[in-house]
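Trainee: here you go, sequence then predicted model.
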Amino acid sequence: QVQLAESGGGLVQAGGSLRLSCEVSGRTDNSYALGWFRQAPGKEREFVATINWDGTSTDYADSVKGRFTISRDHAEKTVYLQMNSLKPEDAAVYYCAFRESPLLARYAYEYDYWGQGTQVTVSS
């Protein structure tokens, strides 16, 4: 089993920044990719960003490209999402996801474990 614990959400004004963290624990013997998704009220969960096992490759949703940066720290078993120039439409619950494969993935069904989520609220 793998556990994911997100942190770093909160309330921020439009144009501001937040950094989300997700700590991975449990059985992580093999290489794995990580991702961030988000879900706003009344909407489906959507892809935000993903990073491969060694951190050399990333992919982003068009809506966040140039504003968000995903990164990972192997020693800390943590993945980060730096969010800059936040917009009201970025407000959502953000979820960290773990994939039992070293490769990137954009679709929720490709991930095997999920965190509980952290709320991001952006005021206009």
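Mentor: Everything's here; your move.
Trainee: SS state for Y109?
Mentor: With DSSP: H, G, I helix; E, B strand; the rest coil as the basis, Y109 sits in helix.
Trainee: quick one: it and G117, what's the gap?
Mentor: In this view, Y109 and G117 are 18 Å apart by Cβ to Cβ, to the nearest Å. The way it works is simple: take the backbone N, C-alpha and C, and place the C-beta from them, glycine included.
Trainee: who's more crowded, the two?
Mentor: G117 (18 against 6; other Cβ atoms under 10 Å).
Trainee: look up the closest residue to the more buried one, ignoring the ones flanking it.
Mentor: V93 (4.1 Å; Cβ to Cβ, 6 or more residues apart in numbering).
Trainee: show me the contacts for the one you found.
Mentor: 9, 38-40, 117-120 (Cβ atoms under 8 Å, 6 or more residues apart in numbering).
Trainee: what sits against the residue most central in space within the chain?
Mentor: By Cα atoms, centre = their mean, the chain has its centre lying nearest to W36, at 2.3 Å. Contacts for W36 (Cβ under 8 Å, 6+ apart) come out as 20, 22, 48-50, 70, 79, 81, 94-97.
Trainee: between those, which sits nearest L104?
Mentor: Closest to L104 out of these is T50 (4.7 Å), distances taken as Cβ to Cβ.
Trainee: having no further points to raise, I will conclude here.
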